[in-house]
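In: Quick one, what's the 3D model for this:
(4 chains, ligands or ions: 5)
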Amino acid sequence: MASLRLRESQITKIHYLTGILSLFAVAIHILFRLIMPFGQSLSYENVVANYHNIFYVILLESILVLISIHGFNGLRIILIELKQSPKWESTITILVLISMIGVIAYGTRTIVIASGL
Amino acid sequence: MSNEENKKVQLKVYRTNYNKDDSSHYDKFEVPVKRWTTVLDALLHVKSYSDSSVGIRYSCRMASCGSCGMKINGKPSLACYTKISELKDDVIVCEPLPNFPRIRDLVSDFSQFFSHHKNMKPFIQNDKVSVDIDDKSDLVEFEQTHEDVDKYLQFSYCIRCGLCYSACPTVATDPKFPGPQALSQAYRYEADGRDNSKKTRFNIIDERHGIWRCHFAGSCSVVCPKGVDPALGIQLLKGHMLGLSKNNKKISTLRTKNNE
Amino acid sequence: MGTVSNNKENNNMNSGREGIRGWLNPTRYGWERVSYWLQRLTGLFLLVYFVGHVYETSSLTNGVDAWNSMLELTQTIGGHIFLILVIGTSTFHTVNGIRLIFTESGKGLGKPGRPDYPYNPSSLNYTQKSGIWIALLLACIAMLYGGMVLFGEGG
Amino acid sequence: MTETLSYDIIIVGSGLAGLRAAISAASKNKNLKIAVISKVQAMRSHSVSAEGGTAAVLCENEGDNLESHVYDTIKGSDFLADQDVAERLVKKVPYEIIQLDRWGMPWSRKENGGIDQRKFGGYSFPRATYAQDKVGFYEMQTLFDTCLKYENIVFFNEWFCSSILHNDGAFQGFTCIEIKNGHFVNVIAPAGIICTGGAGRIYSFSTYAYSSTPDGLDMAYRAGLALKDMEFVQFHPTGILPSGILITEGARGEGGYLINSTGERFMKIYAGNKLELAARDVVSRSMITEIQAGRGFKHETGVDCLKLDLRHLEGEKIKEKLAGIREIGIKFSGIDIIEEPIEVRPVCHYMMGGIHSNLDGATELNGLWVAGEASCNSLHGANRLGANSTSECLVWGTITGELAANYSIKHRDKSINIDNQQISLDEKRIYDGIFRGRGEVNPYEVRKELTDTMDEKAYVYRTESALIEGLKKIRHLKSLSWKHVDDQAKEYNTNFINVMELDSMLRVAEVVLLGALNRRESRGAHARIDYNTRDDNNFLKHTLAYYNDEGEPKMSWHPVTFTRYAPVERRY
Ligand SMILES: Cc1cc2nc3c(=O)[nH]c(=O)nc-3n(C[C@H](O)[C@H](O)[C@H](O)COP(=O)(O)OP(=O)(O)OC[C@H]3O[C@@H](n4cnc5c(N)ncnc54)[C@H](O)[C@@H]3O)c2cc1C
Ligand code: HEM
Ligand code: SF4
Ligand code: F3S
Ligand code: FES
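Out: Ligands and ions are numbered 1, 2, ... in the order given. All right, here's what the predicted structure looks like:
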């Protein structure tokens, strides 16, 4: 386990990188919705249609992964600054990891089903 | 000017003695002030003529020893460096520095703060030149230009008053975080060309509660009375550690005597 | 080196730490502190929204009715206000986040040098402050725009 | 029974001298356990306030030489310096400067990357090594940080030493009060070094930190050691009003002028060659003469003063080399020295006297050394040259640290039998006499009167009648019932410490006045109006004062050591 542990500087790099990458990904995601009138963009057919475009699927999946990593790491940062004890910290790390994986898995499930892969 | 002659202000001083389970409270004192009266002067006036039991730490009275940090009207400040006339207020509230364990009244415990500093290995390490002079007949100094000195000089003038430590929001919740003072000292030695220790300090601060717990809140630099700008040192150090900026210090070598 | 001190009877000493109140109050110490506070708050808010959003879209898997009833939930005044907030916070968080990535790598903070009295720390310079102001401004503009789009279309 | 802690070497004081001694001893042998006891936190010692420079001969190939530094020091001392001591200082100090550089001292640099030096009063070559105008601060920081390398140095921050324990002429340890919790603790060791610094707080108008009280001197004095040459108190020409904070001599070294109310550079009358850069005693006397002749200014507090003019230096030069005093001027005097001349007045700045010691810094007690301003190895004689004091602290810090380490290693295995009676007597003196005393007079008022008396009666110029009045006043104050501490808490009781300090001030002030009274001549910083010339026939000797339980201090004399330089008249 210990060898798997990332240095904080590496985590910080990942945090910054996921932040920047998700900016681009989200930008495209939103653009997709702005190319048609806003109201229509949310209709079931349009949304599902999007899910059948493989590039869009990859885009969505990467947004999901990037933001989950970035966001939950952000949460971890805040929580370990709040209270310090080995127990609290490992609990936090594990919980955050589980939630992160959970959200990614749950989102991926949506993508997989909706895209009919 | 004449109404300034007998001007008085009210000093509200935080009082408590933790070992005695005193409940904390504020005592109020009237003190005469002049144009140049500092908060320290006023407190010492109280101590001499009103209540000798007020606990304060002080020494140099010229902002160079770092003893007299306290929260004055809500802001961490040096008592000897804050003139009452500057505060533009008739009530001066003195409280102990936040984020330090309290001993008594305005006196706080600095042991943890000092040990953070010590953990940074704040001394020159050099594997090429012996730092301790062995041969006393061969005395040469390191060669450093003005530019070399300017890289670290600013951070050298930290008087360890702890004001930055008490203003930092991370320190407020994380006692393991070294704090702006210690981290800026780590940068001071990293930036000094006489030090060529590679990455030892990086390893010390690249920890879960290390340098990355600074989020550039900048409050440390806001309160620093000496222009140290710890926030700057810390961010520069982060840049070096991320590999996003190069530490462009020149490794100093000993001067050769005959090139004068 | 060590330091001698007798800590036996100091167990009840008040730690003096400001604790969470330390960062809950952003009104002291200037704009950088505000930026720090907003970056956190917006980050947390976005995380909540993000998790919600992932849950929201999962209704896709349950067919068109589930999706539409989920949409109805968000197409309310409250839902729109929430969305506008998301637009604002994400704009601020993104713009300020990019600024922070630069500053926290030591860029744009000025160079160390001899400090002259009265001291003006170079890291608290106006480029940085305007970065914060611009992020705030853009967030407002984005919210206005978002409001126009959302409420403009018969919301 | 009081608690006892045992170490190999105890250093009292964490100023320049104390820290240098600690490093010197610690590097000698990694197994020696070294205790550094200080009544303030280590880095808060008075030495951080030193501004101007540290004198050393570094540029021999540019025309400086060791002999010239020796002679300048001796001439500055008005020939009362022990000449072998001056020689030793000059020989050793270049090493200290370079060693500090290796340890990270931010010395100011020349264009070629070497260490720069500036002019200082009384020297025939620019010899003051400087780091902006915060020399003492940077030196302290460098030494303190270097101390952190040594695991065998232990700091006792905020411990107040009250007495020396000794037996059979040998040092044994100190009794101390841990300020944080009021505990009374003995710290014992075979070897000790006293580095408690100067005592300038016996004057009201003083450049010193509030912590510079004579408790260290008094501790030695009560243990039967002599105080030497205490009448020689240096008045620095440029203290600002009203606080007494120092404007470094470096300001004149960089080219500042002293002007009187007619705008004249009056120093040309008194020291035609060196002008403002004559030795400090000369400049201070000239200033008082000007003021008495009615050519002074009145400060808004009503005190007479003169002005220091730095306007003709460029702003950039001031910002680069005198940044600290510019800040001090703006903050504490409301004057930016780039734009306006600043009001100054001679101010108590240094005590040439101290605990009697020999060339090695050894005292009359075996196993006890003194270093720094607390010591009087007679380096400075009747007047110290600026920048020679930090040099002294460094050199004798190193010497005594090494000697104490050797001594301690030799005497390590001998067990120390402390005399419990001594301890209980001391406890009685402190707790029954002072802490639980029943005085009615406010000790802070007594202190104020004492320091005002010193300001008035033992200032730059002295007369027999004033000194006698002063002595009477001090003895009167001493006899008042002031011994009591209002604050009876144990924890961080600064009231208690203040009263302990006052106790020592009263004794040491008496020695200063008595010494001044006995020395019927004018020499160096000691200027008597009624005996206005130097009298080498009768007074080319050091004053010694020994404590006497029953009454007046016992005064005696001690010869001056000469090597090569015969006394001549001093001119600048
Ligand atoms: C404003 C100013 C500027 C100066 N500038 C210069 C300069 O430019 N160049 C120069 O050469 N010299 C200068 N000097 C003189 C020089 O600074 C001092 O002589 C020197 O710093 C003394 O150092 P020290 O180590 O002997 O003692 P200090 O630094 O005074 O330290 C004394 C130590 O003893 C401790 N102590 C005292 N009593 C007790 C006790 N009872 N129990 C425990 N601890 C105790 C104190 O806590 C302190 O740590 C200046 C002096 C002043 C006042
Ligand atoms: C889109 C571009 C984004 C960028 C450029 C970005 C950038 C950043 C940066 C640089 C930080 C670190 C701040 C610091 O160290 O103090 C940060 C923190 C954070 N971000 Fe983002 N972020 C982005 C999007 C998001 C999103 C969508 C979320 C929500 C899921 C999010 C959640 C967080 C959280 C919770 C923090 C922690 C707050 C803290 O450390 O103080 N971020 N972000
Ligand atoms: S960085 Fe500034 S505020 Fe912090 S301890 Fe040093 S001098 Fe004080
Ligand atoms: S206040 Fe704290 S968060 Fe960083 S910039 Fe200063 S250390
Ligand atoms: S008393 Fe030294 S900094 Fe205020």
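In: Distance-wise, check residue D:17 relative to residue C:17.
Out: Per CB to CB, to the nearest Å, residue D:17 is found 37 Å from residue C:17. Every C-beta, even on glycine, is put in place using the N, C-alpha and C of the backbone.
In: of those two, who's got more company?
Out: More crowded of residue D:17 and residue C:17, by other CB atoms under 10 Å in any protein chain shown: residue D:17, with 36 against 18.
In: hang on, that one in a strand?
Out: No: with DSSP: H, G, I helix; E, B strand; the rest coil as the criterion, residue D:17 is assigned helix and is not in a strand.
In: Could I get the contacting residues of it?
Out: Contacts for residue D:17 were tallied using CB atoms under 8 Å, 6 or more residues apart in numbering or on different chains; they are D:47, D:195, D:197, D:371-375, D:392-394, D:396-397.
In: what's the answer for residue D:44, then?
Out: Applying CB under 8 Å, 6+ apart, one finds that residue D:44 lies in contact with B:57, B:59, B:60, B:65, B:66, B:67, D:211.
In: Quickly find the element holding the fifth one.
Out: Residue B:66 is part of no helix or strand when elements are defined by DSSP states H and E.
In: Show me the helices in the stretch 51-200 of chain D, by range?
Out: Listed from the start of the chain, the stretch 51-200 of chain D has helices (DSSP state H, counting those that start in this stretch) covering D:66-76, D:83-102, D:135-147.
In: burial count for residue 53?
Out: Went with chain A since none was named. Per other CB under 10 Å, the neighbour tally for residue A:53 reads 13.
In: if you could check chain D rather than the one you did, that'd help
Out: Burial of residue D:53, expressed as a neighbour count using other CB under 10 Å, amounts to 30.
In: Hmm, residue D:136 and it touching each other?
Out: No: under the contact definition of CB atoms under 8 Å, residue D:53 does not touch residue D:136, with a separation of 9.6 Å.
In: Overlap of the contact sets of the two?
Out: Taking CB under 8 Å, 6+ apart as the contact criterion, the residues that touch both residue D:53 and residue D:136 are residue D:390.
In: What subset of the contacts of residue D:17 is buried?
Out: Restricting these to buried positions leaves D:47, D:195, D:197, D:371-375, D:392-394, D:396-397, with burial counted as 16 or more other CB atoms under 10 Å in any protein chain shown.
In: could you redo those residues as CSV and give each row pLDDT and distance to residue D:496?
Out: Putting the buried ones among the contacts of residue D:17 into CSV (pLDDT from 0 to 100; distance: CB to CB, whole Å) gives the following:
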residue, pLDDT, distance to residue D:496
D:47, 96, 25
D:195, 97, 23
D:197, 96, 21
D:371, 98, 28
D:372, 97, 26
D:373, 97, 25
D:374, 97, 22
D:375, 97, 27
D:392, 97, 32
D:393, 98, 29
D:394, 98, 33
D:396, 98, 32
D:397, 98, 30
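In: Out of the residues you listed, the closest to chain A would be?
Out: For the buried ones among the contacts of residue D:17, the minimum distance to chain A (CB to the nearest CB) is 36.8 Å, reached by residue D:47.
In: Could you verify my assumption that that closest one touches residue D:16?
Out: Yes: the pair residue D:47 and residue D:16 passes the contact test of CB under 8 Å, sitting 4.3 Å apart.
In: what is in contact with those two at once?
Out: Common contacts of residue D:47 and residue D:16 (CB under 8 Å, 6+ apart): D:136, D:139, D:140, D:390, D:393.
In: ok, those residues vs ligand 1, which is closest?
Out: residue D:390 (3.5 Å; CB to the nearest ligand atom).
In: List the residues that contact the residue in the stretch 301-450 of chain D positioned nearest to chain B.
Out: When distances are taken as CB to the nearest CB, the stretch 301-450 of chain D reaches nearest to chain B at residue D:444, 3.6 Å away. Counting by CB under 8 Å, 6+ apart, residue D:444 makes contact with B:47, B:48, B:49, B:52, D:498.
In: Low-confidence ranges, chain C, go.
Out: Per-residue confidence of chain C (counting by pLDDT under 70) places the weak regions at C:1-13, C:153-155.
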